[in-house]
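1. Curious how this folds, go ahead:
(one chain, ligands or ions: 1)
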Amino acid sequence: MNPRSLLRRLTAAPRPGLLVLRQSWRGDRAGTAQVIVISLLVGILPAGQVTLTAAFATALLRAAGSPHPQLRGVLFYLVLLAALGLGSQLLILLQNRAMQRCQSRLSAHLSEEIISRASRFTLSQVEDPKIQDSLQRAVREVGFRPGMMLSQLVQTTTQMVAFGSVGVILWTLDFRVALLAMLAPVPTVVAQILQGKRAHALEHGRSEERRRLAYWQHLASQPNSMKEVLAFRLSPVVLSNHRRLLAGIVGADLRLANRNLRLSIPMVILTAALTISAQAVAILGGTDARHVAGLLAVIQAIGMLQSSAQILYGAVSGMYVNQLYLRNVNDFLAIEHTPLPQGELTFPQRISKGIEFRDVSFSYPGSARPALENVSFTLKPGQVTAVVGLNGAGKSTLGKLLGRLYEPTEGSILVDGVPLAGHRLDSLRDRVSYVFQNYVEYQLSVGENISLGLEHEAGREHAAGRKTDRVEAAAREVGMHEHIASLPQGYGTQAGKLFTGGVEFSGGQWQRLAIARGMVRSACVRVMDEPTAALDTITEAELLDTLTTATSGRVSLLIAHRFSSVLRADRVLVFDRGRLVEDGDHHELMRLGGLYARMYEAQTAGHAPTAGAGTGARG
Ligand SMILES: Nc1ncnc2c1ncn2[C@@H]1O[C@H](COP(=O)(O)OP(=O)(O)OP(=O)(O)O)[C@@H](O)[C@H]1O
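-> Modelled structure (predicted):
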């Protein structure tokens, strides 16, 4: 880095600092004002100390040289010096308190901004590893960098005042000493900046590596993955991957440390040489240094100037380094979150004509093969439509398009003749309910695991009591009420083992909570993706009555592999490698003797399809 670009970068460093200051001002005006005022006061104290020291030394020498020494003057300056020292300590305590207050509010404000931004991404964006990297970097930095930046900004202000005022005093005493003392910390600071830049470049380049490391740590620490780790005796695999990744990280850190050492040694020697020169010039040839009091003031001023220069340059270089990291936060916040286009219409409460997929195709970002290809059909209200097909045929993708979790790449989806995108997104999402194949096991209370399905109605249609009734009714429907009621705190019991007092559920019980969460919504579109996969056959049979009860005005999509579910549907859509290949009721499809019939026979006969017999392929 050439000196000009270094200077440009250094002068650019406070800019993000000022942005941080502005955010802090927004978050806490009183605290920020306190911080600024106290910083200015703390900054002026060293100049007062140098002046008082000189006056004290002069009074002391005069008293020592007088036959009738008057100690009142000496005592006066001594008391003033003590008061100044005490005052500065108290001010620093106040400054720390105000700073802590601002730092916590600042960090809280920014992390809220990041989470709120992240929650507005589309599913495709969230699945993008680059966005994941950016998010992880932002989350990592936001915890402490803005606060650090604020504190460095305050230090810079304080030390600039101190540096300026003591510098003026020293300059008037001996400008050569002042110059040498001011220059002394520069080499060390240059080294700090270069080291910070290298560390940042290293860290930035290994975000994915860090995520991989965190992934192995996660595998070895989460109960869900630990069961496989133990059962398959995967500890050696986990450990060797963990070790390999760590070795890469540690090796790079060590190489960086060695490079840094090679840079630091000459810089530290240069700083020491300049400091010694300043002191030598002061002692050997300074104008005022001929007087003992003057020399005392000069030596004290050199010390103060140097310590404040060291802190000042250090704070500026720290700000420079921190702004590199804070760019991670800015970069994340700057990621364009292309909101889904939406219309003004409210999604209907009842579907009257149906939901039509018209020539719909969809490809996942970066995927060469479409997950759905040129698909056309209409889902009728008052019917339960089953979707079947081999793994990877595109069934779940189809369900996700209905709630606009993904957008078709081609074609359109029409609700009673109106494109999905013509409705307000919030009203659409409120009317579509999901039981996902990979549902979430919320580590919240059991009641919340169900009532989250009603969150969108909060404060709208019903009072808290009615909400509780609906949650309980949904729990009864999925056959969980008795079990929940027998738990220590009933619906208030912590679900899952992640937090204290938690109660673990079986796979089927978790799935029933997920079904209840989907059913509790008053939705006119229901997407159920393998909703009974984890249920025992008796529970499944009981639940299927509820799940497959056709309701007028409601479109129900049941994605299923088990024919116990499929047979209850009014109609079946059969998918093969993203294409709709068969459409009809069970009898029609059996007569057709195609993929559906083969799947049915394979399941009911309890053996796999014969090799080469299928048109389908596993995707
Ligand atoms: N988030 C994703 N990103 C990229 N590709 C995906 C994603 N989800 C699914 N796919 C791909 O899209 C295709 C269809 O997947 P989809 O989950 O819709 O199949 P499916 O019929 O539901 O399968 P299964 O019966 O196994 O649940 C598959 O080839 C899959 O690899």
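2. rest of the way, CA atoms for contacts and neighbours
-> Noted.
3. What about the nearest residue to residue 193 once chain neighbours are set aside, how many residues nearby?
-> Once flanking residues are discounted, residue 193 sits nearest to residue 317: 5.4 Å by CA to CA, 6 or more residues apart in numbering. Using other CA atoms under 10 Å, residue 317 has 26 neighbouring residues.
4. Hmm, residue 194 and residue 317 touching each other?
-> No - counting by CA atoms under 8 Å, residue 317 stays clear of residue 194, with 9.1 Å between them.
5. my read: residue 166 touches residue 47, true?
-> Yes - between residue 166 and residue 47 a contact is recorded at 4.9 Å, counting by CA under 8 Å.
6. pLDDT averaged over stretch 435-443 - what is it?
-> For stretch 435-443, the mean pLDDT works out to 91.
7. How about stretch 527-540?
-> 87.
8. now stretch 371-379
-> 96.
9. distance of residue 98 from residue 153?
-> 14 Å (CA to CA, to the nearest Å).
10. which of these two has more neighbours?
-> Taking neighbours as other CA under 10 Å, residue 98 and residue 153 compare with residue 153 leading, 27 against 20.
11. wait, doesn't the more buried one sit right on residue 317?
-> No - applying CA under 8 Å, one finds residue 153 not in contact with residue 317, separated by 10.9 Å.
12. Check residue 174 and give its pLDDT.
-> 80.
13. Then residue 572?
-> 96.
14. Name the SS class of it, please.
-> strand (DSSP: H, G, I helix; E, B strand; the rest coil).
15. Who are the contact partners of it?
-> 385, 386, 387, 388, 566, 582, 583, 584, 585, 586 (CA atoms under 8 Å, 6 or more residues apart in numbering).
16. Sitting in strands, which of these do you find?
-> 385, 386, 387, 388, 582, 583, 584 (DSSP state E).
17. follow-up on the earlier one: any chance of the contacts of residue 572 in JSON lines, with distance to the ligand and neighbour count too?
-> Output for those, formatted as JSON lines (distance: CA to the nearest ligand atom, whole Å; neighbours: other CA atoms under 10 Å):
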{"residue": "385", "distance to the ligand": "15", "neighbour count": "27"}
{"residue": "386", "distance to the ligand": "12", "neighbour count": "28"}
{"residue": "387", "distance to the ligand": "9", "neighbour count": "26"}
{"residue": "388", "distance to the ligand": "8", "neighbour count": "26"}
{"residue": "566", "distance to the ligand": "14", "neighbour count": "24"}
{"residue": "582", "distance to the ligand": "15", "neighbour count": "19"}
{"residue": "583", "distance to the ligand": "16", "neighbour count": "17"}
{"residue": "584", "distance to the ligand": "18", "neighbour count": "15"}
{"residue": "585", "distance to the ligand": "19", "neighbour count": "17"}
{"residue": "586", "distance to the ligand": "19", "neighbour count": "20"}
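18. farthest-separated two in the residues you listed?
-> 566 and 582 (14.0 Å; CA to CA).
19. Downstream of the one helix or strand residue 541 maps to, the next helix or strand is which one?
-> Assigned by DSSP states H and E, residue 541 belongs to helix 537-547. Moving toward the C-terminus from helix 537-547, the next helix or strand (DSSP H and E) is strand 555-559.
20. how far out from the middle of the chain is that following strand?
-> Strand 555-559 has its average C-alpha position 35 Å from the chain's average C-alpha position, going by CA atoms, centre = their mean, to the nearest Å.
21. For residue 217, give me its contacts.
-> residue 242.
22. Work out for me the element it sits within.
-> helix 207-219.
23. Pull the CA coordinates from that helix and hand them back as PDB.
-> The C-alpha trace of helix 207-219 is given here as PDB (Å, rounded to 0.1, in the frame of the first residue of the first chain):
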ATOM      1  CA  SER A 207     -16.500 -17.900   5.500                       C
ATOM      2  CA  GLU A 208     -17.600 -21.200   3.900                       C
ATOM      3  CA  GLU A 209     -14.800 -23.100   5.600                       C
ATOM      4  CA  ARG A 210     -16.000 -21.600   9.000                       C
ATOM      5  CA  ARG A 211     -19.500 -22.700   8.200                       C
ATOM      6  CA  ARG A 212     -18.400 -26.200   7.400                       C
ATOM      7  CA  LEU A 213     -16.500 -26.300  10.700                       C
ATOM      8  CA  ALA A 214     -19.600 -25.100  12.500                       C
ATOM      9  CA  TYR A 215     -21.600 -27.800  10.700                       C
ATOM     10  CA  TRP A 216     -19.300 -30.600  12.000                       C
ATOM     11  CA  GLN A 217     -19.500 -29.000  15.500                       C
ATOM     12  CA  HIS A 218     -23.300 -29.000  15.200                       C
ATOM     13  CA  LEU A 219     -23.400 -32.600  14.100                       C
END
